[in-house]
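Novice: Sharing a sequence plus its predicted fold:
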Protein chains: 2
Amino acid sequence: MKLASIKSGGRDGTLIVVNRSLTRYILVPEVANTLQQALEDWPNAAPRLNALSEALNDGKREDAEALDFSALASPLPRAYEFLDGSAYLPHVERVRRARGAEVPASFYEDPLMYQATSAGFLGPRDAVPVVSESYGIDFESEVVVVTDDVSMAVGAEQAARHIQLIGLINDVSLRNLIPGELAKGFGFVQSKPRSTLSPVLVTPDELGDAWRDSTVHLPLRSWLNGEHFGAPEAGVDMQFNFAQLVAHAAKTRPLGAGTIVGSGTVANKDESLGASCLAELRMLEIIANGKPETPFMSFGDIIRVEMLDQEGNSIFGAIEQVIEAYAG
Amino acid sequence: MKLASIKSGGRDGTLIVVNRSLTRYILVPEVANTLQQALEDWPNAAPRLNALSEALNDGKREDAEALDFSALASPLPRAYEFLDGSAYLPHVERVRRARGAEVPASFYEDPLMYQATSAGFLGPRDAVPVVSESYGIDFESEVVVVTDDVSMAVGAEQAARHIQLIGLINDVSLRNLIPGELAKGFGFVQSKPRSTLSPVLVTPDELGDAWRDSTVHLPLRSWLNGEHFGAPEAGVDMQFNFAQLVAHAAKTRPLGAGTIVGSGTVANKDESLGASCLAELRMLEIIANGKPETPFMSFGDIIRVEMLDQEGNSIFGAIEQVIEAYAG
């Protein structure tokens, strides 16, 4: 099934079930008012939502309404925890290579992950407000999973059973704030503002064979100002799968229902497939020509992130956002 | 007024108003079921809660019940955002001095802050579950503030007006996991498990003159296994006050109601006042003797953190927790 939230109803929006082709939806107050509520009662809520989803997909819900992506809030307008991995090592390797540094051997055995802000996610068609273009505005196209309650110190095999929903994210990054912030040694705060989840989150069964080994085996497509930017394969070069990332996150803490775990920027060794962020394209330019040529994003630029199934149908709907000057 | 949450009622507990002497409480369902709900509607909820608090303190609530600290959940059992500063530079200076490094000049002008886990806070008398003593278990006694909604890019003066509640925190740290994690460059995840807020959070007026310049001017007291450990002055050597810390946190994102901002481990230049964590005592031992003598915490060790007003009365109640082997 495919789940989303409309903007009405408060800070957490209102949960809806969306049909497979992303054209119609129904409200489901008899199960839960918000996605967070559903996740907190997942063993009960999931089968009931699934039955409603089947009726919707079978055309048996005459009360279904037309889906308007711009009326959607983030499926989780806010969450209690977002842990973002960096599982595609070609991305890390290129960053390091551009500055002549090695990737530590430990990076191939122990996931890189940071505590990200989860207090607010922009709607999938909301503008991204930024104070200044001088911050170095970039997108990062990633895959995420959402868990139900996960016990502390679970192994990867057990962690896999807690992955209940899959989606995409545009993890907005302010590149020019990153070096100063990381140099302080405590990770990202100001350089990672609010991010944007895909219009819908889906249960793993919606991906069919494309979900195996806790990895999504499909290209992740990004367009910048309407032009194809990159479509690296999310199923290739993912050094740590989502089960391993969830287990890493849960090593010393339980994860509450609704925890979001991110893959990091999807990137392949095969450079011909393109990138999932401007920083990486700029790194390839630095490696090739000694300096970057592509600028970071300007106000008015539009980023679109989407994943299509083998038949070319959008699975999660498209994230599509304009970068906007923050008026204050 | 003083606010807390009892453990009944779900994942967010149930909001209660506690009297000034921390002996009695009332339920306040007519205003809000949870502290998070109250914070989201603070301009309406605060005056109503305050009126109930006055009635309680005036002995006019015969329905008031005896307060049992062990029945308390964390006042915010979970939150959407916790940004922990490191505003007491003597702590940072000692860490660096112990390893022969300088403190970067920028640390005196730009707050050090990290994105901390907010998905769950232990109750003030709950045991702290840890898988292994080999993780290097430590406490960190800090002051925190809680905001209502804060706009992106506010200045410090405006940020000060959004500080609605004040409390304490034991920011549990797993010291032996920190070097490896920080070496990866993305901050803390596994080395900072769930923390513990004080039994109650209080509005700034409860501190009287001890709250000025967005700083708490009282000693923060820590006891380890019943013995006095340290009582550094929270009003001394705080390089950045809470208004500055909130503004730093909000530079590129709005902060939602219920955001927690921490001071970092309270530490003074005056070493005679003692420390607020074992790591710092061990650093002084390294500086004096070349090696640490005090071990990190063992299973069964008890940490107590409290702040008393000028008359010796507990303001926030005591955090008091035993370290416990995690059974799985």
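Specialist: That came through fine.

Novice: for chain A, which residue is closest to the average position?
Specialist: A:Ile169 (2.3 Å; Cα atoms, centre = their mean).

Novice: That residue in helix, strand or coil?
Specialist: At A:Ile169 the chain is in strand, as set by DSSP: H, G, I helix; E, B strand; the rest coil.

Novice: So what sits opposite it in the bridge?
Specialist: Beta-bridge pairing of A:Ile169 under DSSP bridges involves A:Glu142, A:Leu197.

Novice: What of the one 4 residues further on?
Specialist: Beta bridges link A:Ser173 to A:Asp138 when assigned by DSSP bridges.

Novice: Give the burial count for it, as a bare number.
Specialist: Using other Cβ atoms under 10 Å in any protein chain shown, A:Ser173 has 24 neighbouring residues. All C-beta spots, glycine's among them, are computed from the backbone N, C-alpha and C.

Novice: Show the contacting residues for it.
Specialist: By Cβ atoms under 8 Å, 6 or more residues apart in numbering or on different chains, the residues touching A:Ser173 are A:137-140, A:191-192, A:277, A:279.

Novice: Mind picking the lowest-pLDDT entry from the residues you listed?
Specialist: By pLDDT, A:Ala279 ranks lowest within the contacts of A:Ser173, coming in at 94.

Novice: got the contact list for the residue in the stretch 201-328 of chain A that chain B sits nearest to?
Specialist: Nearest residue of the stretch 201-328 of chain A to chain B: A:Thr252, at 4.3 Å (Cβ to the nearest Cβ). Counting by Cβ under 8 Å, 6+ apart, A:Thr252 makes contact with A:152-153, B:130-131, B:135, B:174, B:177, B:190-191, B:193.

Novice: Am I right that it is in a helix?
Specialist: No. If the criterion is three-state DSSP, then A:Thr252 is coil and not within a helix.

Novice: just to revisit the earlier point, of the contacts of A:Ser173, just say which sits nearest to A:Pro292.
Specialist: Using Cβ to Cβ, A:Ala279 is the member of the contacts of A:Ser173 that sits closest to A:Pro292, with 8.9 Å.

Novice: part of a helix, is the closest one?
Specialist: Yes. The assignment for A:Ala279 (three-state DSSP) places it in a helix.

Novice: Give the burial count for it, as a bare number.
Specialist: Applying other Cβ under 10 Å, we find 23 residues neighbouring A:Ala279.

Novice: For it, give me its contacts.
Specialist: A:95, A:138, A:173, A:175.

Novice: Could you dump these into a markdown table with distance to A:Ser118 added?
Specialist: Shown next, in a markdown table, are these (distance: Cβ to Cβ, whole Å):
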| residue | distance to A:Ser118 |
| --- | --- |
| A:Val95 | 24 |
| A:Asp138 | 20 |
| A:Ser173 | 16 |
| A:Arg175 | 21 |
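
Novice: Can you say which of these are buried?
Specialist: A:95, A:138, A:173, A:175 (16 or more other Cβ atoms under 10 Å in any protein chain shown).

Novice: after the helix or strand of chain A with the lowest mean pLDDT comes which helix or strand?
Specialist: Least confident helix or strand of chain A, by mean pLDDT, DSSP states H and E, is helix A:89-98 with a mean of 84. Note on helix A:89-98: by DSSP states H and E, the next helix or strand toward the C-terminus is strand A:113-116.

Novice: Export only the CA atoms of that next one, formatted as CSV.
Specialist: The C-alpha trace of strand A:113-116 is given here as CSV (Å, rounded to 0.1, in the frame of the first residue of the first chain):
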residue,chain,number,x,y,z
MET,A,113,25.8,7.8,9.8
TYR,A,114,24.7,11.1,11.3
GLN,A,115,21.9,12.3,13.5
ALA,A,116,19.7,14.5,11.2
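
Novice: Quick one: list the elements packing against it.
Specialist: Applying 3 or more Cβ pairs under 8 Å, 6 or more residues apart in numbering or on different chains; DSSP states H and E, we find strand A:113-116 packed against strand A:82-85, helix A:242-249, strand B:113-116.

Novice: Using the three-state scheme, assign the residue of the stretch 51-200 of chain A found nearest chain B.
Specialist: Closest to chain B within the stretch 51-200 of chain A is A:Gly187: 2.2 Å, counting by Cβ to the nearest Cβ. Secondary structure, three-state DSSP: A:Gly187 is coil.

Novice: contacting residues around it?
Specialist: Shown in contact with A:Gly187 (Cβ under 8 Å, 6+ apart): A:114-115, A:181, B:114-115, B:185-188.

Novice: Go again with 10 Å.
Specialist: A:114-116, A:181, B:113-115, B:181-182, B:184-189 (Cβ atoms under 10 Å, 6 or more residues apart in numbering or on different chains).

Novice: Which single one of those is nearest to B:Ala87?
Specialist: B:Met113 (8.8 Å).

Novice: ok, A:Leu22 touching A:Ala4?
Specialist: Yes. Contact criterion Cβ atoms under 10 Å: A:Leu22 and A:Ala4 qualify, at 9.0 Å.

Novice: Now for the two: what residues contact both?
Specialist: Shared contacts of A:Leu22 and A:Ala4, defined by Cβ under 10 Å, 6+ apart, comprise A:67, A:69, A:199-200, A:316-317.

Novice: from the residues you listed, which ones fall inside strands?
Specialist: Judged by DSSP state E, the shared contacts of A:Leu22 and A:Ala4 include no members of strands.

Novice: quick one: which two of those residues are the most distant?
Specialist: Among those, A:Leu67 and A:Phe316 lie farthest apart (Cβ to Cβ), at 12.9 Å.

Novice: These two: who's more crowded?
Specialist: Neighbours per residue, other Cβ under 10 Å: of A:Leu67 and A:Phe316, the larger number sits with A:Phe316, 27 against 21.

Novice: Now do the phi/psi pair for that one.
Specialist: phi -110, psi 0 (degrees, to the nearest 10).

Novice: Looks to me like A:Ser5 is in a strand.
Specialist: Yes. With three-state DSSP as the criterion, A:Ser5 is part of a strand.

Novice: Next, A:Pro75: secondary structure please.
Specialist: Quick answer, by three-state DSSP: A:Pro75 is coil.

Novice: scratch that, A:Thr294 is what I was asking about
Specialist: Using three-state DSSP, the structure places A:Thr294 in coil.

Novice: My read is that it contacts A:Glu285, right?
Specialist: Yes. Because the distance of 6.5 Å satisfies Cβ under 10 Å, A:Thr294 is recorded as touching A:Glu285.

Novice: and these two? which has more neighbours close in?
Specialist: It is A:Glu285, of A:Thr294 and A:Glu285, that has more neighbours when counted by other Cβ under 10 Å, with 15 against 12.
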